[in-house]
Structure formats: C-alpha cells, structure tokens
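**Student:** compute the structure for the input listed below.
(2 chains)
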Amino acid sequence: MRSHLLPAARLLALLTLVTGLAYPLAMTGLAQALFPTQAQGSLVVQGGRPVGSRLIGQPFDSPRYFWGRLSASAPAFDAAASTGSNLGPLNPALVAAARARIAALRAAEPGNDTAVPVDLVTASASGLDPHISLASARFQVARVAGARGLALSEIWRVVEGHGEPRALGVLGEPVVNVLELNLALDALSPE
Amino acid sequence: MTANALVQVALFLLVLLLLAKPLGVFMARVYSGETTVLDRVLGPLERLTYRLCGVVPETEMTWKSYAGAFLAFNLLGLVAVYAILRLQAVLPWNPQGLSATTPDLAFNAAVSFATNTNWQSYSGETTLSYFSQMLALTVQNFVSAAAGMAVLAAFARGVARRSGTTIGNFWGDLVRSTAYVLLPLSVVLTLALVSQGVVQTLRPYATVTAVETGRPQVLALGPAASQIAIKQLGTNGGGFFNVNSAHPFENPTALSNFLEMLAILLLAAALCHSFGRMVGDARQGTALIAAMTLALVAFLALCLCAEQRGNPALASLGVDARATAMQPGGNMEGKEARFGIANSALWATATTAASNGSVNAMHDSFTPLGGLAPLVLMQLGEVIFGGVGSGLYGMLIFAIVAVFIAGLMVGRTPEYLGKKIEAFEIKMASVALLAPALCVLAGTAAAVATTAGRAGVFNPGPHGFSEVLYAFSSAGNNNGSAFGGLGANNPFYNVTLGIAMLVSRYFVAIPALALAGSLVRKKAVAPGPGTFPTHTPLFVILLLGIVVLVGALTFLPALALGPIVEHLLLYA
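**Tutor:** You can find the predicted model right below:
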C-alpha cells in the first residue's frame, strides 16, 4: 500500500481540482448564463422587492389566503433549516398536529364540515412544500371567497389558472402553487 | 394503487432498461480500453492526467496491489475530507460564516463520503460551507463511485480472463470511470436540473419578505445542482440540504424527480450489461438485471400499497385520504404534494435498492410496511442494483454462493462462467456476506443496550427500535438513507455508524478483489453437459431465492421487533 501513496496523493489532488473546483465552477457559470432565474432560486419580485421564491412555501394563516402544508421547521417554512416532522404513524404527536390543524380550519370556516384532504393536515417532507393538492384548494375556496367578499366561482377560476397539471400528462401529481395563488388573489382584491 | 401510479412506474422502468443497455456497452468499452466516441476530447486530457501523476495505466496489477491502491486512495480521501471540514471556518467560500464541524461529525462525514455511503449526520445548509460542499463532498461523490466501478471492472476481468495473475490497473480504472462516465453524465444532468429550478450559485443565502407575515425569510442557496447530479449518478445520496431531494431547491418538479430517480439506478443497471459484455456473454448481464428488476418490483408493490392505504390513526379524525383525480390521498405525512404517493414510494424503493440513500420523502413517517420495504432492501446487502460497481460485485458474490449451493444439490464441483468455485472462493464470499450483517445486528444491539444509543431515539414504541435498526442497516450496507428522527449527530452514533460504514465497504470490496485474484488464475473449463447455466430463468430464481433466504434468516427476528409489531399495533 505504501508504494501507492504517492500516485494516490497526486491523483487525489488532480481529481479534486477537476471535480471539486473546475466542474462546479463551470456548471455555475453555465447555469447562470443559461438559466439565471432558476440558478438563483426562482425569486418572485414585486415592486422591485423579492417577496419569495416560487419553489419555497410560506406561512399563511389568514382566512383571506389559501393555507399550505404543515411545516415541521421552527419557525414554520424556515428555508435556512429545512426539516420534516419525522413523526411515525403511531406517534401521538402526529394525531395531535392533525387535530390542531383541523380545529384551525373549522374555526376559520365554521360551516364547512366536509372531510379535510390529507395533505392539508400532514407535514411535508421538506417543511417548505410550496404546493397543495387541488382537493385542498377546493376545501378552502369558500372560506377565501367569504373573507374577500368575492364570488366562489371567481376564486376558483384563479385556482384553476394556477393549477400545475402532471408533467407530460403523466409524471408527478396535479398541484396548486400556494404563494403564486395568494399573490394572484392579492392582485385581484387588494386589502 | 392508482392507474396513474402504474403508468408512472412502467414508464420509469421502461426508460431505465432502455438506457441501461447502450450505456452498459459503452462502459464495457471504457474498461476494456477500446476506443469510444469521447476519445477525441478526453483522450489527451486523460494522458495528461497520467503524466502529471506519474501513473502508467498499462501496468497490470495483482489483486493485492489493486486492493492496496484502492485502500491508499480511499485513506487519503478520508483524511482530506476530515481536514477540510475541521478547517472550513478559515477556508474561502463560506458566506454564512459557518464554524468548523466537531471531530466526530468530521470523522463520520469523511468515512461516509469516502465509502460511498453518504449517511447524513450533518445538515447541509446549517453546517457546511460552499467550499466544503465542493472540494470535500463533491469530489468524494465522484471518486468513491469511480472506485466502486473500478473494483467491479477488476472483478469482471478476474472472471473473464482465461488465465493470468493480474486484474487491471486501479488508477486507469479510476480515471476512466470519472472522465468517461461520471463527469459527462453529471454535466448533462446538472444543466437539466438547473432548468427545472435546482439552484447553482456561489452567492450568499437570499433574504425575501414573506407575503402575509412581512417577516424576512432566508433562502439557503449554493452550488447544489452540480453536487446533486453526481450524488444521484454515483449512488452517493448525500444531500446538499438537510432534507435531501425533498427540498424544492434540490428537486423542484416532477420532471427533475424523474431524472434524479433515473440517475439513481442508471449506472448500476448499465453495469450489468457491461459485465455481460466483458465476460463475453451478454445473456449473463441480462439474467442479473432481470433478477434485480424482479426484486425491485416486488418491494415497490409492497411500499406503494402500504403508503396508498394511508394511516388509520388519521382516518378516524375525519380526514379524506382517498386517491381521487384531485389528490393522491394515502399517507402524506413527510411527503411533498408534487410527488404524492407514487413517486415517494418509487423513490424510496429505488434509493434503497441502489445504495443511494437520497430521499424525496421522510422514511421515518412511512407506514410500518411502507418503511419495511426500504429497510429490507438495504438488509439484503445492497445487491438489488446496489451501489455503482459495489452492487454488482455484491450480487456476483451471491451468484457464486448460488452455484455453490446448486453444486451441492447435485454433487458436482460448482463453477461460475467456467471457473471452478472452491474453498477459498466460498470463504471470501462468506466474509463479504457476513461482515455487513454483523455490523447491522451488533450495532443495533449495542445501541439499544446503551444509554447513549437510546438517547437518540425520537419516536416512541417499536418505531423507535426501527429507527436504530434502520440506521445500522443503512450504514452497514453503505446506503445512507435514514429514519431521520434518530438523533445521530453525537459522538456515539457518529463513531459507531462510521465504523459500520468502514467495515461494510472494505470487508466486501477486498474479498471481492481477492475472489477476482483467485478466479483469474484458474484455467477456464469449457461448459459440459453437467454445467449449471447461469443465464436462465431457473438461475434467476435460484439467485433471488438465495438473496432473500440469507436476508430473511439474518434479519426476520429484528424486523419482528420493529416494523412488523408496529404494523400489528397500527391495525389492532
């Protein structure tokens, strides 16, 4: 093994320069040139001010806004320290969190006693999920319409306008981007 | 299981198997030193590399010399990663001003990346500087994968060469794996991922003002795409961010998800075809890939059904978990809405079939049987596709055991591809099969028997035991995924899991090289009427039977204490 140490050291140094320096730097340069918005975090800018990333969820709990997934990070949607809840299926804290979310949804919209879509009462893997299912959007549509004094059909049109279908019609799940949806609502009916 | 889930799975497997064949043939040419389409561009750079490093790739090595080079290179890589992590506070590209990691974390991460495990004790965005991510982790992502592929190439030569004493040159195999296979594929994948929204920048974290709260939200950024591409292709799996490929900046869309999943299995699948071609019988590779695919599909079905069935504890609260056109339903705790059930289950199965270990959903929050599938896939020894190189040489060791057992049944001297399997081969195969199992079971026992080990457990009940068993199954088979609730960033787990990773990497790779060295010296005998063919459906079934039997005999008692009893409790 000892006779191999010298070539090993030289190769490690060279491969470090190639794969650890040249490669990521070249990729950074190409990425910034070809896809500058994406490479930089897909920021959403309003009035010259970044108000979020279209890929990163934000906390919403006003009745005027659509709410996103539960976030296990502390504070919620901490994009500098992503984490899932890691709660096992039998953990009492899992049921408690779901129960609390259901109570909050019912309190915000007393008349709605339909079953709550599962993605609205569970924490996402990243704590940063920017999406909810179409079912979760539909569950909240009457509440948002009421809080904004707009027709339900008008809100639903905005939801459908921001729905993201399956890629190529097959891959992934159909979802709605919560931040983009809420920004569109604010453009429609500012406070 | 929904119809769309079946379509997604079928499409994934179809694309994977279609791409594996041509790539496998290409890699066989790379390892046989034949000309390839990339020679024009890469040939001069390759020769320059050898000249600068004083290496003559035509010099043939015996298995002992080959193993020595492999170990020397890994040892230096390990030391380099350790040093960088300990010094990151004074190194450049540290815009967040992160301090040096603790010694035990640096040891764990260095072992983890040098052994191609990529167990994540660290949390990327809060622990590691851009410099550390690039010059420590990205580098090992490449070279640990290349080293595994090199060992496989040497093993294939040991079987293929009709007589001789040498099995190739480690330096040549290492450089050619990196330059001709890993780098070109990584460049393509990086750019595809950035187009989908994976970040790639050296600027500091961005701060935005959240819409409703008006409070600042800090967005962790970094040179992520370049590392994620190789993390998937090289079956490494260590995330740039804490939550790995569940993070929207690591895996933003269904398309990025599809490409990353493909990359997880692509090289491991292709290497089966490379092996077939290198031993001069393409059917051998097809048989191996058939066995792997069958096992993958079986475990996927289990995981998918269990996750789609959902969590009965939530159903009683008035939660709608049915799969409809508007929602995936099922067990959505720890899953991303854009991936739903199908892509989370498919990823979990693929990443543990391969020894990749990246995740797009939190395995700790899976249902008991949904979590059992990835757990068992690791415990089978990471041979269902497995790590690049390491998965196939692991599977070939099982193949040797399979022909040995078949030989015992009919009372003939067993042979594999014309090479007689004798006492030395079976001894080496046994070491390679037993060492990881020992790490898993002894490590789990030590952890649950000590206060330090039990202190890391997060979930109550049998699930807590599953967390520990999963951790040692992962480290003890070089996978790297986790039941993430386990608090593993402490001296106890950093050291014990580090040792498990070292043992399971080198106590499989070195016996594999020893086998190659022994087989290469044997004169190949022509197949006779009594030869047991190793390309037939019968052999595929026998091979799978041996893999499952060894795994079941070793781990069923431990599984009964964790996921199995948890399943019974959940439906009690």
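**Student:** for chain B, which helix is longest?
**Tutor:** Counting residues, the longest helix found in chain B (DSSP state H) is helix B:491-521.
**Student:** tell me which residues of it are tucked away?
**Tutor:** For helix B:491-521, burial by neighbour count (16 or more other Cβ atoms under 10 Å in any protein chain shown) applies to B:492-494, B:496-520. The C-beta positions use only the backbone N, C-alpha and C, and glycine is treated the same way.
**Student:** swap in stretch B:445-460?
**Tutor:** B:447, B:453, B:456, B:457, B:458, B:459.
**Student:** what residues are up against the third one?
**Tutor:** If I follow you right, that is residue B:456. Neighbouring residues of residue B:456 by Cβ atoms under 8 Å, 6 or more residues apart in numbering or on different chains: B:447, B:467, B:468, B:486, B:487, B:488, B:490, B:492, B:493.
**Student:** touching, the last one and residue B:472? I think so.
**Tutor:** No. Residue B:493 lies out of contact with residue B:472 (Cβ atoms under 8 Å); the separation is 9.5 Å.
**Student:** shared neighbours, those two?
**Tutor:** residue B:447.
**Student:** OK, contacts around the residue nearest to residue B:160 when sequence neighbours are not counted?
**Tutor:** Nearest non-adjacent residue to residue B:160, counting by Cβ to Cβ, 6 or more residues apart in numbering or on different chains: residue B:279, 4.5 Å away. Contact criterion Cβ under 8 Å, 6+ apart gives B:156, B:159, B:160, B:417 as the residues in contact with residue B:279.
**Student:** what pLDDT does the residue in chain A positioned nearest to chain B get?
**Tutor:** Residue of chain A nearest chain B, by Cβ to the nearest Cβ: residue A:172 (2.5 Å). Note on residue A:172: pLDDT of 96.
**Student:** surely it and residue B:253 touch.
**Tutor:** Yes. Look at residue A:172 against residue B:253 with Cβ under 8 Å: they come within range, at 7.1 Å.
**Student:** just the contacts of residue B:456 that are near chain A?
**Tutor:** Checked against chain A using Cβ under 8 Å from any Cβ of the partner chain, those give no members in range.
**Student:** nearest residue to the middle of chain A?
**Tutor:** residue A:130 (1.6 Å; Cα atoms, centre = their mean).
**Student:** please report how far it lies from residue A:42.
**Tutor:** Using Cβ to Cβ, to the nearest Å, residue A:130 is found at 10 Å from residue A:42.
**Student:** between the two, what contacts are shared?
**Tutor:** What both residue A:130 and residue A:42 touch, as defined by Cβ under 8 Å, 6+ apart, is the set A:53, A:54, A:55.
**Student:** leaving out sequence neighbours, find the closest residue to the second one.
**Tutor:** Closest residue in space to residue A:54, ignoring its immediate chain neighbours: residue A:42 at 4.9 Å, by Cβ to Cβ, 6+ apart.
**Student:** I'd say the one you found and residue B:196 touch.
**Tutor:** No. Under the criterion of Cβ under 8 Å, residue A:42 makes no contact with residue B:196, lying 9.7 Å away.
**Student:** need the residues touching each of the two.
**Tutor:** residue B:252.
**Student:** the closest residue to residue A:101 other than its chain neighbours: neighbour count?
**Tutor:** Using Cβ to Cβ, 6+ apart and skipping residues adjacent in sequence, the residue nearest residue A:101 is residue A:121, 4.6 Å away. Using other Cβ atoms under 10 Å in any protein chain shown, residue A:121 has 28 other residues around it.
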